[in-house]
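J.: model this:
(one chain, ligands or ions: 1)
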Amino acid sequence: MDKLVIEGGRRLEGTLETSGAKNASLPILAAAILSKEPSVIKNVPCVADVFTMVRILKSIGAKVQHNGNTVEVDPSHIRHTVLTYKLVSTMRGSICFLGPLLARFGSAQVSFPGGCVIGPRPIDLHLKGVRCLGAEISLEHGYVTAKARRLKGARIYLGGAFGSSVLGSANIMMAATLAKGRTVIDNAACEPEVVDLGNFLRKMGAKIDGLGSPSIEIEGVKKLSGVSYSVIPDRIEAGTYMIAAAITKGDITIKNMNLNTLGAMLDKLREAGVIITQWHGHVRVRRERVLRPVSVTTLPYPGFPTDLQAQMTALMCVVPGISVITEKIYPNRFLHVSELNRMGAHIMLEGPSAIVSGQKKLSGAPVMASDLRASAALVLAGLVAEGVTEISRVYHLDRGYENLVAKLQSLGAKIGREKDVK
Ligand code: EPU
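T.: I've put the predicted structure just below:
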C-alpha cells in the first residue's frame, strides 16, 4: 500500500485544469448499455472508481476500450445481467447498473452494496422506484433481483429522510427512458451530475424534461442510440483545490470549471474572506488576509455539498474563532475529525455537527485516510501543517482524484507518494 508524504507550509500558486466529474462519469458509463450501439465517452477521469465500472462492463460482456480519458463502450454483446459481490463491494456507484440492466434486458441481479464508512447507505429509494415502474424485486442471499417484461411509466416520489437521492434519481431516470409511457420523478435530485447524465441520455434519444429541477419527466422510447459525449468538469475536485488555495494563503487559477455549480461553497468561502474572481470559465482563488470562521450546513444541491464538508472542516481548523459544520446528508460522515485532531485541530462532535475551534497552526503527523473526501481533508491539512504529514491508505484518494500528487506539485506543494512498508 502507498502513502502520501507532505511537507507543509508551502503557498500554492499557479494554474491547473479540472478533470472530468467522477460522479457524472459513473452513471453515464452504466447508461451506455441502454443502447445496442457503441458510445464514446470523453473527459472521463482516470480514477479507480472508473476502472471498477470498466471491469463491471466487461464482466457482463460489453466490449470496452479505455484510452486515457476516453472510454468506448460497445454494449452489443452483453450476455450477463448479474453483478457479483466481488465486483460491487468496492464501489457503491455500481448500483446504477440496476436501472439500465432492467430496462434493456428485463432482468438484473445486483449484489446489495451494503453500508460504508461514511454511514449506512440504504437503497430503498432505488428499489421503490423500480417497483413503481413495475419490476418485481426479491432480496435473497445478499442480492437484489429485479425482473420486468417491459417497465411501465409511473409517478414516483423519490424523497427519503435525508432528501433526494442522487444515484436513486439517476437509476430511475435511466430505467424510465425505455419504459412504456410517461414517468414523473418527484423530489428528484438536482445535482449537476444528474443533469449531465440526463443530457447524455437525451443525446442518445431519450425524451426527458425538467433536468435540474425536483420534477423530472421522462417519456419512454423504444430504443436509444450510441453517441459521443463529453463529461462535465468535476466541481468537487475544483472545490477541493479552491480550499487548497485558501488554506495555504495561495493564489491559484482553475481552468475549465463552472462556478455556477458551486454557488453555496462560493458564498461560504467569500464570507470567510477568500477572494474569488471569474472570467471565461477560469476561476482565480486567492487569500490575502486572516479568514473569518463560517458555519456550514450540507444540503442537497444547490446547498453546500456533503462531498466538500470534510475539506471545509480542514480549512476552518486554521481559521481563528468557532465554526460549526453540520452534516445533513450523512450525519456520521466525520471520520476525518479524529485524524485532524491528531494534527492539533480542536474539533468536538455534537450529533451531526462538528464544532471547530480554529488554531494558529496544525502540526504534521502520521494519519490514516478513511474515505475519499476525508482523505482529501487530510491532504489539505497536511499542506498547511508544520512539518511532515504521512497519509496512509492512499487508495481512497485514488478512487476520485485524478493526478492529485502531480497537480499539487505543479502548484508548488511538497508532496510525494511512497511505498508504505508498515
Ligand atoms: N438514501 C436513502 N435511501 C436510498 C438512497 C439514499 O435513504 O435509497 C439516503 C442516503 O443514506 C443519504 C441521502 O439519502 O443520507 C443521500 O444519498 P444519495 O443517494 O444522494 O447518495 P448516492 O447517490 O449514493 C452520491 C455520490 C456521493 C455523494 C452523494 C450525495 C456518486 C457515485 N456518489 O451518492 O459521492 O456524497 O451522492 O451528494 O455519485 C463521493 O464522491 O465521495 C461520494 C460519496
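J.: leaving aside the residues next to it on the chain, what's closest to the closest residue to the ligand within the stretch 251-400 of the chain?
T.: Of the residues in the stretch 251-400 of the chain, the one nearest the ligand is Leu372, at a distance of 4.3 Å by Cβ to the nearest ligand atom. For the C-beta atoms, the positions are set from N, CA and C on the backbone; glycine is no exception. Beyond its immediate neighbours in the sequence, the residue positioned closest to Leu372 (Cβ to Cβ, 6 or more residues apart in numbering) is Gly400, lying 4.6 Å away.
J.: hang on, the one you found packs against Ala374?
T.: No: with contacts defined as Cβ atoms under 8 Å, Gly400 does not count as touching Ala374, sitting 11.5 Å away.
J.: The ligand contacts on the stretch 51-200 of the chain?
T.: The interface of the stretch 51-200 of the chain toward the ligand, taken as Cβ under 6 Å from any ligand atom, is made up of 92-93, 120-126, 160-162, 165-168.
J.: hmm, 5 Å instead?
T.: Taking Cβ under 5 Å from any ligand atom as the contact definition, the stretch 51-200 of the chain meets the ligand at Gly93, Pro122, Ile123, Asp124, Leu125, Gly160, Phe162, Ser165, Val166, Leu167, Gly168.
J.: before we move on, back to that, from Gly93, how far out is the residue of the stretch 251-400 of the chain closest to the ligand?
T.: If you measure Leu372 against Gly93 using Cβ to Cβ, to the nearest Å, the figure is 11 Å.
J.: try Glu13
T.: Here the criterion is Cβ to Cβ. By it, Glu13 lies 34 Å from Gly93.
J.: So between those two, which is more surrounded?
T.: Per other Cβ atoms under 10 Å, whichever of Glu13 and Gly93 has more neighbours is Gly93, with 25 against 14.
J.: Let's verify the more buried one: helix, strand, or coil?
T.: Under DSSP: H, G, I helix; E, B strand; the rest coil, the three-state class of Gly93 is helix.
J.: Show the pLDDT at it.
T.: The predicted structure scores Gly93 at 84 on the pLDDT scale.
J.: Thr84 too?
T.: According to the predicted model, the pLDDT of Thr84 comes to 88.
J.: Would you state the helices of the chain in chain order?
T.: With DSSP state H as the definition, the chain shows helices at residue ranges 22-31, 48-59, 85-88, 98-105, 124-132, 166-177, 192-204, 235-247, 263-272, 309-316, 335-342, 372-384, 395-398, 404-410.
J.: In a markdown table, list the ones you listed along with mean neighbour count.
T.: As requested, these are arranged in a markdown table below (neighbours: other Cβ atoms under 10 Å):
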| stretch | mean neighbour count |
| --- | --- |
| helix 22-31 | 28 |
| helix 48-59 | 20 |
| helix 85-88 | 16 |
| helix 98-105 | 26 |
| helix 124-132 | 20 |
| helix 166-177 | 29 |
| helix 192-204 | 23 |
| helix 235-247 | 26 |
| helix 263-272 | 18 |
| helix 309-316 | 29 |
| helix 335-342 | 21 |
| helix 372-384 | 28 |
| helix 395-398 | 20 |
| helix 404-410 | 18 |
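J.: Using TSV, lay out the ones you listed together with distance to Pro302.
T.: Putting the helices of the chain into TSV (distance: least, Cβ to Cβ, whole Å) gives the following:
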stretch	distance to Pro302
helix 22-31	16
helix 48-59	24
helix 85-88	31
helix 98-105	25
helix 124-132	20
helix 166-177	13
helix 192-204	9
helix 235-247	11
helix 263-272	6
helix 309-316	15
helix 335-342	24
helix 372-384	19
helix 395-398	26
helix 404-410	26
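J.: Lowest average confidence across the ones you listed, which one?
T.: Note on these: helix 85-88 shows the lowest mean pLDDT, a mean of 85.
J.: what residues does it touch?
T.: When contacts are taken as Cβ atoms under 8 Å, 6 or more residues apart in numbering, the neighbours of helix 85-88 outside the stretch itself are Thr52, Arg55, Ile56, Ser59, Ser94, Ile95, Val110, Ser111, Pro113, Gly142.
J.: Run the chain-centre distance for stretch 72-88.
T.: Centroid separation for stretch 72-88 versus its chain: 22 Å, with Cα atoms, centre = their mean, to the nearest Å.
J.: okay, how far is it across that stretch, tip to tip?
T.: 21 Å (Cα to Cα, to the nearest Å).
J.: buried stuff in that stretch?
T.: Neighbour counts over stretch 72-88 (16 or more other Cβ atoms under 10 Å) mark Glu72, Val73, Asp74, Pro75, Ile78, Thr81, Leu83, Leu87, Val88 as buried.
J.: nearest to the ligand, of those?
T.: Taking Cβ to the nearest ligand atom as the measure, the ligand sits nearest to Val88 out of those, at 12.7 Å.
J.: and the buried residues of stretch 72-88 as TSV, adding distance to Gly263?
T.: Listed next are the buried residues of stretch 72-88 as TSV, based on distance: Cβ to Cβ, whole Å:
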residue	distance to Gly263
Glu72	34
Val73	33
Asp74	39
Pro75	36
Ile78	39
Thr81	40
Leu83	36
Leu87	36
Val88	34
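J.: can you name the two of those residues that are farthest apart?
T.: Glu72 and Val88 (23.1 Å; Cβ to Cβ).
J.: tell me the contacts of the closest residue to Lys180 other than its chain neighbours?
T.: Of all residues not flanking Lys180 in the chain, Lys152 sits nearest, at 5.1 Å (Cβ to Cβ, 6+ apart). Taking Cβ under 8 Å, 6+ apart as the criterion, Lys152 is in contact with Leu133, Gly134, Ala179, Lys180, Gly181.
J.: filter the residues you listed to the buried ones?
T.: Leu133, Gly134, Ala179, Lys180.
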